[in-house]
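Engineer: Quick one: sequence plus predicted model below, questions after.
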Amino acid sequence: MDRMRTHLVYAHPHRASLNAALRDEAVQTLEGLGHTVTVADLYAMNWKAVADFDDFGPTESDAFIDAAAEAWEKGSLTADVKAEQERLLAADTVILQFPLWWFTVPAIMKGWMDRVFTNGFGYGTSRAWKRYGDGLLAGKRAMIVVTTGAADAHLSDRGINGDINDLLFPIQHGVLFYTGMEILPPVVITGAGWQTDYADMVKLLRHRLETLAETEPIAYRRQTEDYDENKRLLPGREPEGTTGFALHAA
């Protein structure tokens, strides 16, 4: 496997947590393979989780979305946002690692998404709304590493919590693929802390990291190829009976 640059965005408040141990395992594994790794430990950074006009510097726009694009074009975004954007641009692979809280990411990681993927960087009319596989971050790969206290059966197709692939769809498709990145299947640690053996967790994580380059991405449908002018999936693109989120993966 060729050497890669990986940016790992990490969110857990406890320095001695299971997630912290898995983060360290990930860094050691990737560096052991000769890759370069940068880490954004959001809690340790005291990352500002609220996107607001303070992120933009002086702006002539009263509309938040336009002010964000103006700040991106002028280079007047705050230093912490610009630093993360530069790390993303330099990376070949982006990993988001977090515990599943209330069926989504911790608020601090949502704030990282809101502030870093600004209009102009993560999406934007200035680039003809390039998105869903065709954005500024196209050519990069992204992967989620998520822990959950729920058992595997709870997150299955008939599980009470819903299928884990459905729960992660808004993040994988709606955030990461939206910006242009290809999305690798997630590393999901279920029953964390009570059911799954730590050695098994590490084995799974290491295997996935060692095979990053060979792993086929999820076949999400590209906006430019599979949708009509109203952004509706073209007829006949899905197996009969397919509905919901599954429509958007070939």
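Structural biologist: Arrived safely, thanks for sending. Residues are numbered from 1 along each chain as shown.
Engineer: Does the residue sitting nearest the centre point of the chain belong to a helix, a strand or coil?
Structural biologist: Closest residue to the average C-alpha location of the chain: residue 176 at 4.7 Å, with Cα atoms, centre = their mean. What DSSP: H, G, I helix; E, B strand; the rest coil gives for residue 176 is helix.
Engineer: pretty sure it contacts residue 94?
Structural biologist: Yes - here residue 176 reaches residue 94: they are 7.4 Å apart, a contact under Cβ atoms under 8 Å. C-beta coordinates here come from the backbone N, C-alpha and C atoms, glycine included.
Engineer: Mutual contacts of the two, please.
Structural biologist: Residues within reach of residue 176 and of residue 94 at once, by Cβ atoms under 8 Å, 6 or more residues apart in numbering, are residue 142.
Engineer: elements contacting the longest helix along the chain?
Structural biologist: In the chain, with assignment by DSSP state H, the single longest helix is helix 18-32. Secondary-structure packing of helix 18-32 (3 or more Cβ pairs under 8 Å, 6 or more residues apart in numbering; DSSP states H and E): strand 5-10, strand 36-41, strand 93-99, strand 141-147, helix 198-210.
Engineer: what is the mean pLDDT for that helix?
Structural biologist: Across helix 18-32, the average pLDDT comes to 97.
Engineer: What distance do you get for the residue nearest to residue 15 when sequence neighbours are not counted to residue 11?
Structural biologist: Among residues not flanking residue 15 along the chain, residue 44 sits closest, at 7.9 Å (Cβ to Cβ, 6 or more residues apart in numbering). With distances taken as Cβ to Cβ, to the nearest Å, residue 44 is found 10 Å from residue 11.
Engineer: Which one of the two is surrounded by more residues?
Structural biologist: residue 11 (25 against 12; other Cβ atoms under 10 Å).
Engineer: pretty sure the more buried one contacts residue 110?
Structural biologist: No - Residue 11 lies out of contact with residue 110 (Cβ under 8 Å); the separation is 9.1 Å.
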